[in-house]
Structure formats: structure tokens, C-alpha cells
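>>> generate coordinates for the sequence data below:
(2 chains)
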Amino acid sequence: MTMILIAIAYLAYAAFWVRLSLHAVVWLRAARQQAAGPAAAPGKPLHAFAMTLIDLLLFRRLFASNKPLWLGSWAFHTAFFIVILRHLRYFLEPVPDFIVQVQPFGVFAGYLMAFSLAYVIFLRAVTKTKYVSYQNYLILGLVFLISATGLLMRNYFPPDLVDVKSFVMGLVAMRPAPLPAGFFFSLHFFFVLLLVPFLPFHLFTAPFVAFEARKREFRLDKVMHDR
Amino acid sequence: MTGNGEKKKAAPNDRSFTKGLSPLQLIEIDACTQCGECLKYCPVQDVTGNPLISPPEKIRVFREFIKATDGLKARLLGPQLIDRKLLEDFTKAVYECTTCGACGQHCTVGIFTQRLWPMLRKEMVRRGLGPIGPQVNLPKVIGETGNPYNRLAAERFAPWFPEHVKVVDRADIGYYAGCTGAYEATPMVRGDVLVLGAIGEPFTMLPAEDEVCCGFPLFITGQHDMLEDLVSRLVAAYQAKAVKTLLCSCPCCVNIMSRDWPLFYKKELPFKIRHITQFVAASMKSGKLAIKRELRERLIYHDPCYLSRGVGIMEEPRAVLRGIPGAELLEFDRNRLESRCCGAGGAARKIFSENAIEMGRHTIAEAVEKKADKLVLSCPACYAKVNEAMVGYDKQIEIVDIMELLAKMIEAVDSGTP
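Numbers count the residues shown, from 1 in each chain, chains lettered A, B, ... in the order given. Have a look, this model is predicted:
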């Protein structure tokens, strides 16, 4: 079992990088032509950058479009980020102080992540949405399972954290250690491995697009105005 | 569906779907979260209710095309065959869009769809799948007649040009009427010229045979081969007339002129592009044009997609309308950057006419519901299609172009009409 999960872990890791590389090749090989004529000096890139940060941190565009969905989506992404920070304690030695400080918030974020995800899935199910992305549902379902198994471990089936850290550090260092005991840990880890190769690409590309959108907004007034 | 046999087709060994797109556009395709929020704002969705032709679905299918030619399997085993019907359905979906850009305006990550869709169309043209219907004849027709309507140059200005308005040979101000205005929305361009005449600053125009298409119909249908030539001809012609500011009332024309002409001309244009409402609003502010007659009516102004979301002209038309004494200006629920397409955009109004009529009726219905006396437009394509949409519709309202309205106010005073 240990060897199988370790093999899957390295395969998932490799699959992620292959996928990312293939996308990068497509981006880099694209036409060098400028497909959109801005017809105006860029102007205020720092302002655009600052506004983009706000857009990304607060999901401003989603807020403007759908407030109930924004609430669930923002809570979920924020909680997910904090949970990832909390999990860094398994990857780093010594554990940085800020990761230690974030641990109590990480526990709360774990609950928030599961509940916000359930809320988003519920909202999608009850709202008359015209477009259904089954791939999104699949990923959301997978993240919910990761979240649920994490909470089960936290509350009912705690694994040996020393074993967990040793296993994760071993994976990172390419010196695999034994799999910690516990069915839910194996399940939790397996779901994470399933998610890694299918991580939605908007996680990496949306910040660039949001930045370009902000710059475009700032330029719009300059396309045909003397300012 | 008609394939464009005359256009350059992708070479057999050039199956990639990414050659015509910029890196940013490919990143945009990856950035779509498939949330579907944009569907709430899509005018085509409003009238068809078909999510298979929606923005996220088009992006999802295009991702599949990229995967089939540039994915891991394609790289290891060679490009995968894509189902012909899927390609044709995608082509139809991308051409059924009005390219209004409302989806991009409301996109939760900010994808610039008003530009992405025309580029996907260009890619389908490159593969011999687009454009569709009579759009395929545009390059030939424009090459022969200089306009997309297959009309004679002699008919371009003569039927509507007011005799008393003087056009000089050379001037700082140039006026470009545009094909749709000149052939399909003549009250609008007549209004433009009457108002320019009333302002009194000398302006010049090209002879009818030289005022050729600005290139927008070719650009928007993805047929870019002739654009460089058309743009060079027009720029050189206006330069020869010493034009410093080129005025035009058509949103599609001003959009391509200001955003894309510099790219096809390969350098900065030797003159500024301005929408006619910018010039008129400034003239009203400076006192060169005064509207004395009162109009005690409720006016509702519709923002054309390529004027508001396209080039950011939103306040000047309103300033012009507010400058009419007595007039009350109403707003659509969705206005300015958020405006809803009237159905005439994207070169789809004649091919998907039923969609366009129904979208036009949405606009009419809201204007009637808000108890407006006049629906004021500022785009020749909107003007032609919304007028067509009102034929046989139970809701009726007077449709008027903004310059047509202004010209009536001026003419009434000039002719002594109370």
C-alpha cells in the first residue's frame, strides 16, 4: 500500500508538471502578433497592480455579479489557502513561526472550507443556473471529500502526526518513509493525489487576466479621449 | 454553413488551433472558471436559452480543440482527429454571438471576450470553416464595390446628403459616413452632416468612391487579409486632405479605427479618431452649437456595445441629449459599460436575424415600459435592426438617431418651425 501510494504521488506530481509545461509551450508558441489594439499608453501600471490585488483578494468581479455565490466562493478559497498554510508544517523543518501562529486559524478554516463548499454546491444545485460544468462539480466534490476526511481525522481518527511529517518529508526528499497508520489518512492523501493533476488552471492564469483587465479598464478612457 | 474556400486554409501539417491567438488570449482561455455567471448577461442566451452556444461552452470546446492538437496525446501520437460536426457546431456558435462583450464585462476573472470571439472566428476562417452564410462574400464584394452591401459608390452619399451643407476640399476636420450609415441608416448620417454644417467649422469628406469600408465587417468575421490595404488607402486619403481629426458616428467604425487601424497601418495614425458626439458635445459646451427649441419629451438612450464597452464613449451622447432644453433623459436598467446588446452586432444580424429581432424587441420593450417618448440610438446597425424589430411588434416607440434628433431640432429653428 505504501509503495502504491508513493508511486501515485510521484506520478501525480509529474502529471501536474507535464500538464503545466504543455500549457506553457502553447502560450509561448502562440503568435507574437498583438491581437488587441489598446491605442493608448498603458498608464498607471502600479495603480492597476494594486487594484488587481484587491480584485483577487476580495473576488471583486464575482461580488459584482453574484453576491450569494461570492460569499461561499470567497470563504472557500480563503479557507483553502489557510488550510494549505496550516499543512506546510508537514513540509518544512524547522516550522517557520508564522506557520505555527496560523495553526489555530487553520482548524477553523478546515470547518469553514467544508461548510462553504457545501454551501456553494447547494447554491449551484438550487439556483436555476443555465450552464453546468461537470468538471467543476467533479473538482468541487473531490475537494469536499478531502476536506471531510481531514475533519474526520481531526475529530475522530487522528493519525500519528510524527509519522505523517516523516512520511511527507520523505516524499519531498525522495526518501520515502512508511505510510502512517489509519484508513482516513490514506483516503485523504489519495484524494489529494487525485486532485493534483487536475488542479484548475485558472488558479495560475486568472491573476494575469485580472491584471490585464484592470489595465484595459484604465486605458478605456484614453482610447478616444485626450487625457 | 458555408466554408470559406477562398481564404487561406491551415496547412495539413499546421493543425494547431493556437496560431492566430496571442499568448494572453490563450492564457484567457485557460483562465475561464466555467462559473457560468456571464450567461446572465448574454443577449444570445436571452433569446435562444441554449447554453451550448454560451461563452464558457465555447471556451470549453476550444480547449478540447487545443488539447487534440497540442495536448500530451497529440504530442506523443500525433494530432487527434476532431469530429467535423463538433467543428461546424463550434463555428456556428462563435458566429451566432453578437460579440457585444457583455460576457467579458461581467466575467469573474476579466476575460476580454469582445476581442477573443473575433479572434476565434479568425482561427475558424484560417481552417476553412468560417465565415458563414453570405459573410463569405464580403472580401469579394468589398473589393469590387468598396462596401459590404454590394451597392454603387454613386449611391453612397447622393440620396441623403443635404444640398446646403458645404464640404471643403481640405480641412482639419474630416467626416467618415461609413457604409451602414450611408446605405442602411441614412437619417443618421444625414443628421451627422446637418449638425456638422450647423456647427460651422469647415470639414472635408472623401469622394464616395474613395470612402471605402473601414474594414470592420472583415475584421469581425475573421477575414483579415484585406485589412492592411483598406486601412492604408483610407489613412493616405485623409492625410492627403490634411485631416487632423477624423469624425465618425458609427461605433464599429470608430472602434476599429481607434483600436486596430494603428496595428494594420503599422504606426500611429496621422490624425485623431473621434466619435461625432464628442465633437458635438464640445461644440455645445463652447457655444458653437446652441439648441434653442424645447423638446418636452422623455428620451431613453441606448449605449451601443462597441461605443461604450468598445471605446469608452458614454457621457458625451448623454451630454448632447441633456443639452436639449426640456428633454428628460431616462436610462435603461443596464446602461453604459453594462448595456445590453440590441442584437445588431457581430455581423450576425442578417444571418441570425430572428435572434437579432428578438433582442431588438427586448430593447424596445424596456424603453416602452419606462414610458419613454423616443428611443435614442447612436449606431447605424442598431438603428437598422431595431427599426426592423419594431415592424409587427405590439410595442411601439419612436426610434431616432441622436444626430437625427439634434438635426431636427436645428432644422426646425432654421426653417422657423415652432
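>>> how about low-confidence regions in chain A?
Scanning chain A for pLDDT under 70 picks out A:31-43, A:227.
>>> for the helix ranked longest in it, packing partners?
Selection of the longest helix in chain A by residue count, based on DSSP state H, yields helix A:97-126. Counting contacts by 3 or more CB pairs under 8 Å, 6 or more residues apart in numbering or on different chains; DSSP states H and E, helix A:97-126 packs against helix A:67-87, helix A:134-155. The way it works is simple: take the backbone N, C-alpha and C, and place the C-beta from them, glycine included.
>>> the residue nearest the centre of chain B in helix, strand or coil?
Note on chain B: the residue nearest the mean C-alpha position is residue B:252, at 3.1 Å, using CA atoms, centre = their mean. Following DSSP: H, G, I helix; E, B strand; the rest coil, residue B:252 is assigned to helix.
>>> quick one on the thing from earlier: looking at the helices and strands packed on helix A:97-126, which is nearest to chain B?
The closest of the helices and strands packed on helix A:97-126 to chain B is helix A:134-155. By CB to the nearest CB, the value is 5.4 Å.
>>> can you give the contact residues for the helix or strand following the closest one?
Downstream of helix A:134-155, the first helix or strand assigned by DSSP states H and E is helix A:161-172. Helix A:161-172 is touched from outside by A:6, A:9, A:89-91, A:93, A:176-181, A:185, with contacts defined as CB atoms under 8 Å, 6 or more residues apart in numbering or on different chains.
>>> can I get the buried part of those residues as one ChimeraX selection?
Filtering the contacts of helix A:161-172 down to the buried ones (16 or more other CB atoms under 10 Å in any protein chain shown) takes a single ChimeraX command:
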select /A:6,9,89,90,176,177,179,180,185
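>>> number of residues surrounding residue 27?
Picked chain A for this. 20 (other CB atoms under 10 Å in any protein chain shown).
>>> switch to chain B, please.
Other residues lying near residue B:27 total 23 when counted by other CB under 10 Å.
>>> what of the one 5 residues further on?
Residue neighbour count, defined by other CB under 10 Å, stands at 29 for residue B:32.
>>> tell me which residues touch it, please.
A:202, B:55, B:56, B:59, B:60, B:107, B:109, B:111.
>>> who wins for neighbours among those?
Scoring the contacts of residue B:32 on neighbours with other CB under 10 Å, the highest-scoring entry is residue B:55 at 30 neighbours.
>>> separation between that residue and residue B:313?
Shown here: residue B:55 relative to residue B:313, a distance of 25 Å by CB to CB, to the nearest Å.
>>> which elements pack onto the helix or strand residue B:29 falls within?
Applying DSSP H and E as the criterion places residue B:29 in helix B:23-31. Applying 3+ CB pairs under 8 Å, 6+ apart, we find helix B:23-31 packed against helix A:2-29, helix A:202-223, helix B:55-70, helix B:113-126.
>>> residue B:155 is nearest to which of the ones you listed?
Residue B:155 lies closest to helix B:113-126 among the helices and strands packed on helix B:23-31, at 28.8 Å (CB to CB).
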